[in-house]
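Student: Return a 3D structure for these sequence lines:
(one chain, ligands or ions: 1)
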Amino acid sequence: MNYRSETSAIPAIVLADGQVMPKLGFGVYKVAGEQAADTISTALELGYRSIDTASFYGNEDAVGRAVRESGLPRDEVFITTKLWNADHGYDATLRAFDASMKRLGLETLDLYLIHWPVPSADRYVDTFRALQALKRQGRVVSIGVSNFTKRHLERLIGETGEVPAINQVELHPYFAQSELRAFHAAHGIVTEAWSPLGRGAEFNDSVIIALADKLGRTPAQIILRWHMQLGNVAIPKSTNPARMAENLAIFDFELTGREMTQIAGIDKDGRQGADPDLMDMDAPA
Ligand code: NAD
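Tutor: You can find the predicted model right below:
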């Protein structure tokens, strides 16, 4: 069953495999415990239609519960989850997928990603072959990766013959990933930005503040609008309903080419998360 975007106010993007996906979703890393299902329910009430979770986040059950309790038809919500580092390998991936689906309580998943390439384990090609099998069986509609560099992508595509639909990577104005985005565009891979707000790092940047003041928007809205115009999918996280709503209200204004260039000018290789080449089986995310 493919996601249907017609009833949502959020624009959709078409993946290379033909499935559509909301351009703006809701990330749920560190949305935990009793509060998780409530926060996700609020997100769905506010209009979010795409939820980004992972087995590592420990809240797949809360995502499934919130989606069921929302009463929304299953094909109006797009669910992503991810395979954790300790589960790389063909058989281990199939088992981990079953466990995720049990926790989510879903029949079909919209998007399954390999969370990190874990080059030290050297099993991401076999892992992706398991994702291909799950896709052939119809258990997941789209398959992709996360935190893959150009080198990892080249090898994956070369050895499996399949281009992942998405690469979800750290991306925000201080870490704009221009080279990787160009590689994605050349291969038909959609770029999905994690930590799209740089976890707040750019909120005090003078260029972002000047644009926010000029356009009567918040810094978060300027940054998310920049993502939309770059062609990224973005999955900001907040547990504050007012901020969750603010992050959705970005489809009634536009940045000019000059304003986009001004934001491009603040890129400074400001990675905050782990380096994908160094991320190990047991390292924290
Ligand atoms: P983010 O850039 O979304 O920033 C979140 C922080 O910004 C929170 O502290 C929140 O309180 C604050 N914030 C959000 N909206 C705001 C607003 N309007 N005004 C002021 N403050 C605001 O960072 P993130 O949570 O790291 O990333 C988002 C999602 O990306 C995660 O929830 C997860 O789903 C995904 N992610 C994926 C990976 C991966 O390895 N694939 C890694 C990290 C995160």
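Student: What parts of the stretch 101-250 of the chain come near the ligand?
Tutor: Residues of the stretch 101-250 of the chain lying near the ligand by CB under 6 Å from any ligand atom: 115, 146-147, 168, 194-200, 218, 220, 235-238, 243, 246-247. (Glycine included, C-beta is placed from N, CA and C.)
Student: if I pick the closest residue to the ligand within the chain, what's in contact with it?
Tutor: Of all residues in the chain, the one sitting closest to the ligand is Gly27 (2.4 Å; CB to the nearest ligand atom). If you count contacts by CB atoms under 8 Å, 6 or more residues apart in numbering, Gly27 has them with Asp52, Trp194, Ile235, Pro236, Lys237.
Student: same check, this time on Leu156
Tutor: So Leu156 contacts Tyr124, Val125, Phe128, Val145, Phe148, Pro164 (CB under 8 Å, 6+ apart).
Student: In stretch 113-123, which residues are buried?
Tutor: Leu113, Ile114, His115, Trp116, Pro117, Val118, Pro119, Ala121, Arg123 (16 or more other CB atoms under 10 Å).
Student: circling back: can you lay out the contacts of Leu156 as a markdown table showing secondary structure and pLDDT?
Tutor: A markdown table is the format used below for the contacts of Leu156 (DSSP: H, G, I helix; E, B strand; the rest coil; pLDDT from 0 to 100):
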| residue | secondary structure | pLDDT |
| --- | --- | --- |
| Tyr124 | helix | 98 |
| Val125 | helix | 98 |
| Phe128 | helix | 98 |
| Val145 | strand | 98 |
| Phe148 | coil | 98 |
| Pro164 | coil | 98 |
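Student: need the strands for the stretch 51-200 of the chain, in chain order.
Tutor: For the stretch 51-200 of the chain, the strands defined by DSSP state E, counting those that start in this stretch occupy 78-83, 109-114, 140-146, 166-170, 190-194.
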